[in-house]
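S.K.: With the input below, show me the fold.
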Amino acid sequence: MRLDALLARATARLDRAGSPSARLDAEVLLCHVLGVDRAWLYTWGDREAPCHERARFEALLAARAAGRPVAYLTGEREFWGLVLATDPSTLIPRPDTEVLVEAALARAEAPRGRLLDLGAGTGAIALAFASERPGWRVLGVDREPAAVALARRNAERHGLDNAEFRQSDWFAVLAGEAFELIVANPPYVAADDPHLVSGDVRFEPRSALVAAGEGMADLHHLVREARGHLRPGGWLLLEHGCEQAAAVRCALVASGYGEVASLCDLAGRERVSLGRYLHARR
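M.R.: Okay, the predicted model is just below:
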């Protein structure tokens, strides 16, 4: 079977299975199996699919049709132009989180400083920032040892030696350390949210998705505790659900942050809220 015919059939299968990006999924999986890029597929679609690669592709296709995320099947996902290793110990990096990176970069005008990424996962946010600000020291922390190991591998893969990763439950091992910028994409989904039983999130670690207090508990905790680790004038930037912006802004104001605002994601939804802590550290 020709590659273009194989892709057409695979796309139809994933479309029937409910994939919202059937053609893209099929192309990414076939590229992974063949070790080529999508431009190669478009150029050489009239070639015959080798039997061995076709069998591997069919196995990945079946897993995707069952709902398993493409990023877990290929073991990688691109974020901010960086190809990052992924596995089921972490959330899959998503394009909307680039809004958080952009906001952090906009507030990192000094040639040097320190940024803390809480709940770093694959290291996507920390490494994206580190790649753009080589004069800054970047620290990412995560509670899960597997996530820390994965983020370290991603840093090594891209030669980003201005980023390091440690195991920590939020600020637990950071006593006495201060930063100009603190960023986080914490758990913010309510336990009864219907989105947890559909799409890729069914396969992602629940501990990285769900927070108590209708999804607000970790956000409130970070707003309170970040004050003790921000240098005067430092910024806290938090990703959250698109219906949580007002509540996060209220929490920031109540905790003494100034210049509080929310930023929209690619779909125009308020996705990141931030504030500047002007007081001396406690």
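S.K.: quick one, domains of this structure?
M.R.: 3-67, 79-277 (automatic domain parsing).
S.K.: quick one: pLDDT of residue 280?
M.R.: For residue 280, the pLDDT comes out at 54.
S.K.: Apologies, that question was intended for residue 42.
M.R.: Predicted confidence (pLDDT) for residue 42: 87.
S.K.: Quick check: it is in a helix.
M.R.: Yes: per DSSP: H, G, I helix; E, B strand; the rest coil, residue 42 lies within a helix segment.
S.K.: before we move on, the earlier item: mind putting the domains of the chain into a markdown table with mean neighbour count and distance to residue 73?
M.R.: Backbone N, C-alpha and C define where each C-beta goes, glycine included. Compiled in a markdown table, those are given as follows (neighbours: other C-beta atoms under 10 Å; distance: least, C-beta to C-beta, whole Å):
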| stretch | mean neighbour count | distance to residue 73 |
| --- | --- | --- |
| domain 3-67 | 16 | 5 |
| domain 79-277 | 19 | 10 |
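S.K.: Of those, which shows the lowest average pLDDT?
M.R.: Ranked by mean pLDDT, the domains of the chain end with domain 3-67 at the bottom, a mean of 93.
S.K.: host element of residue 235?
M.R.: Here residue 235 sits within strand 230-239, counting by DSSP states H and E.
S.K.: now that strand, how far from the chain's geometric center?
M.R.: On the basis of C-alpha atoms, centre = their mean, to the nearest Å, strand 230-239 sits 19 Å off its chain's mean C-alpha point.
S.K.: quick one: the helices in the stretch 101-250 of the chain?
M.R.: 124-132, 145-157, 217-226, 245-254 (DSSP state H, counting those that start in this stretch).
S.K.: Now render those as JSON lines, adding distance to residue 32.
M.R.: Converted to JSON lines, those look like this (distance: least, C-beta to C-beta, whole Å):
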{"stretch": "helix 124-132", "distance to residue 32": "19"}
{"stretch": "helix 145-157", "distance to residue 32": "17"}
{"stretch": "helix 217-226", "distance to residue 32": "34"}
{"stretch": "helix 245-254", "distance to residue 32": "37"}
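S.K.: where's the one residue sitting closest to the centre of the chain relative to residue 173, distance?
M.R.: The residue lying closest to the centre of the chain (C-alpha atoms, centre = their mean) is residue 93, at 3.0 Å. Distance, residue 93 to residue 173, by C-beta to C-beta, to the nearest Å: 24 Å.
S.K.: How about residue 5?
M.R.: Counting by C-beta to C-beta, the gap between residue 5 and residue 173 amounts to 55 Å.
S.K.: now residue 154
M.R.: 21 Å.
S.K.: Residue 12 too?
M.R.: According to C-beta to C-beta, residue 12 stands 51 Å off from residue 173.
S.K.: and if you look at residue 87?
M.R.: From residue 87 to residue 173 the distance is 23 Å (C-beta to C-beta).
S.K.: Now tell me what touches stretch 257-274 from outside.
M.R.: Residues external to stretch 257-274 that are found in contact with it (C-beta atoms under 8 Å, 6 or more residues apart in numbering): 95-96, 99-100, 103, 107, 223, 235-240, 242, 245, 248-249, 252-253, 275-278.
S.K.: End to end on it, go ahead and measure it.
M.R.: 9 Å (C-alpha to C-alpha, to the nearest Å).
S.K.: How far does it sit from its chain's centre?
M.R.: Computed by C-alpha atoms, centre = their mean, the separation of stretch 257-274 from the middle of its chain amounts to 17 Å.
S.K.: again with stretch 89-97
M.R.: The answer for stretch 89-97 is 3 Å, by C-alpha atoms, centre = their mean.
S.K.: again with stretch 116-136
M.R.: Centre to centre, stretch against its chain (C-alpha atoms, centre = their mean), the figure for stretch 116-136 is 11 Å.
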